[in-house]
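Undergrad: Just the structure for this:
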Amino acid sequence: MEYLLQLKIGALFGLLLLTLLVGFIPARVKWFRDTNGTETHRTVLSLISCFAGGVFLAACLLDILPDYLSDIRTELVARQVQSSFPIPEFILAGGFFIVLVLEKLVLHCQERRVHAGEREPLLQGNGHGHGHGEVVRPELESRGHHIHVDLQAHSPFRSFMLFLSLSLHSVFEGLAIGLQNTDSKVLEICIAILVHKSIIVFSLSVKLVQSGLRAGWVAAYLGVFALMSPLGIAMGIGVMEARVGSGALVQAVLEGLAAGTFVYITFLEILPHELNSPGRQLLKVLFLLLGFCVMAGLTFVS
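TA: Have a look, this model is predicted:
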């Protein structure tokens, strides 16, 4: 077996094991799943969630979007497609609207099945519900202040879409390793992805736990997510061994749809939930910036 192929197979198993190991820390440690702890405990969980929000914001702006725009423009130039219409941005918007329409269809169907009287206790007692409303704290209402709480935040549907967009991106990251033809490039990309993905999967696991999913579903999501980069590596190895075209244009379009999905989840779910919830606003912003800076530093180094 060639040394290059051995490196790729080693990267495949390394990514699989590391993703599972890091991802199951929030999923299996009771501390992350306990929502009835002390005020300090809830504050720390909130700050960890803000850090994860900064990680996803950086992943969106510094990783997923630049990768997609570079790939799609390269393919359009290679195929001599010339148009004044912004095709890359249109594909991105397509991914955004796919999630928006699907989510609203799900919510519409749920609203038709559940009467308002049956839904009211759920909205008042569970921040993970699927409805969308406004929670007003009585002590603040008399002063003319209203605290808006996103009752759709961390819903199972949005958690699934976050998982799906990150999984597609992981496949493309794996492809980047599998399609390399030099040892040094495989090692360079693999190390960058190992560090990058360990932070991403930890943040994803935190969000899945916070969505209220059952432990079995969280484990299933993390297991499938862990397989995505190895799947991409295997696909890349197969393409290299078979000496066939990689379908780069199809890959770029799928990257665009995944990027649009990630834009929606980042800016309409993760950030609003973290920044609109009351208490310790400056500290939350600090941890949001910390998560962003950590990912930005890793992107700069890699």
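Undergrad: How about Val263, nearest residue that isn't a chain neighbour?
TA: Using CB to CB, 6 or more residues apart in numbering and skipping residues adjacent in sequence, the residue nearest Val263 is Phe96, 5.6 Å away. C-beta: built from backbone N, CA, C; applies to glycine.
Undergrad: Quick check on that neighbour: phi, psi?
TA: phi -60, psi -50 (degrees, to the nearest 10).
Undergrad: Correct me if wrong: it contacts Phe262.
TA: No. Using CB atoms under 8 Å, Phe96 makes no contact with Phe262, being 9.2 Å away.
Undergrad: Pick out whichever of those two has more residues nearby.
TA: Phe262 (29 against 20; other CB atoms under 10 Å).
Undergrad: how much space is there between that one and Gly95?
TA: Distance, Phe262 to Gly95, using CB to CB, to the nearest Å: 8 Å.
Undergrad: same question, Leu5
TA: 34 Å.
Undergrad: Comparing those two, which residue is more hemmed in?
TA: Neighbour count, other CB under 10 Å: between Leu5 and Gly95, Gly95 has more, with 24 against 13.
Undergrad: what sits against that one?
TA: By CB atoms under 8 Å, 6 or more residues apart in numbering, Gly95 lies in contact with 165, 256-264.
Undergrad: Just read off the phi/psi values of it.
TA: Backbone torsions of Gly95, given as degrees, to the nearest 10, read phi -60, psi -40.
Undergrad: Over to Ser211?
TA: phi -80, psi -10.
Undergrad: So it sits against Pro156, correct?
TA: Yes. Taking contacts as CB under 8 Å, Ser211 lies within contact range of Pro156: 5.5 Å.
Undergrad: Check the gap between Ser198 and Cys60 for me.
TA: From Ser198 to Cys60 the distance is 18 Å (CB to CB).
Undergrad: can you list the weak-confidence ranges in the stretch 201-302 of the chain?
TA: Within the stretch 201-302 of the chain, the stretches with pLDDT under 70 are 240, 242-247, 302.
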